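Student: Sequence and predicted model, in that order:
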Amino acid sequence: MKYVTTVDGQDFEIEVVDERHVRVGGRLLEMDFESVSGQPVFSLILDGKSHEAFVYQNEENWEVLIHGQQYQVKAEDEREKRLKNAAGGGNDGNGEFHLKAPMPGLVVAVSVEEGQQVKKGQVLLILESMKMQNELKSPRDGVVGRIRVKAGESVEQKQTLLSVQ
């Protein structure tokens, strides 16, 4: 099965070859992807390299946090993507984006203020979870809307932290 996967606005063609192999572009990769104890934490072994990822689904996309970087991911099979494009059903990216906690944790720092202009990739806040500090970054250029948390506050997974318009 082939998929078109959009990661932070960039498209990748991914083919699931079999249970242990995927093809990304023209590259065949060996992989193992398993949930850890039924949590939204996954162990990913890709071409012999081990990675830990926090993965959960929001209203429209998947949120993936890996190596301290948060990504917005959308996966569609080829047919679904073609039909959507033919119908003119693309997302223009102009709606409000709600940054949600990818896992429970402690807000270490909020790096922005309401009304502040931000650039894609700019650190919005730092969330500590499982003794790791994760920089949560803006997925696009915009203006910070309402900030719903402050430094020192504990948050739950999927809790809205702030918005970018």
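Tutor: Looks like it arrived, so ask away.
Student: Spell out which residues make up each domain of the protein.
Tutor: Segmentation of the chain into domains, based on automatic domain parsing, reads 2-86, 97-164.
Student: starting at the chain centroid, how far to the first one?
Tutor: When you say that, I think you mean domain 2-86. In terms of C-alpha atoms, centre = their mean, to the nearest Å, the centre of domain 2-86 is found 10 Å from the chain centre.
Student: Quick check: the gap between residue 164 and residue 42.
Tutor: Residue 164 sits at a distance of 26 Å from residue 42 (criterion: C-beta to C-beta, to the nearest Å). The way it works is simple: take the backbone N, C-alpha and C, and place the C-beta from them, glycine included.
Student: neighbour-wise, which of the two wins?
Tutor: Legend: neighbour count by other C-beta atoms under 10 Å for residue 164 and residue 42, higher for residue 164 (21 against 16).
Student: nearest residue to the more buried one other than its sequence neighbours?
Tutor: Closest residue to residue 164 apart from its sequence neighbours, by C-beta to C-beta, 6 or more residues apart in numbering: residue 142 at 4.2 Å.
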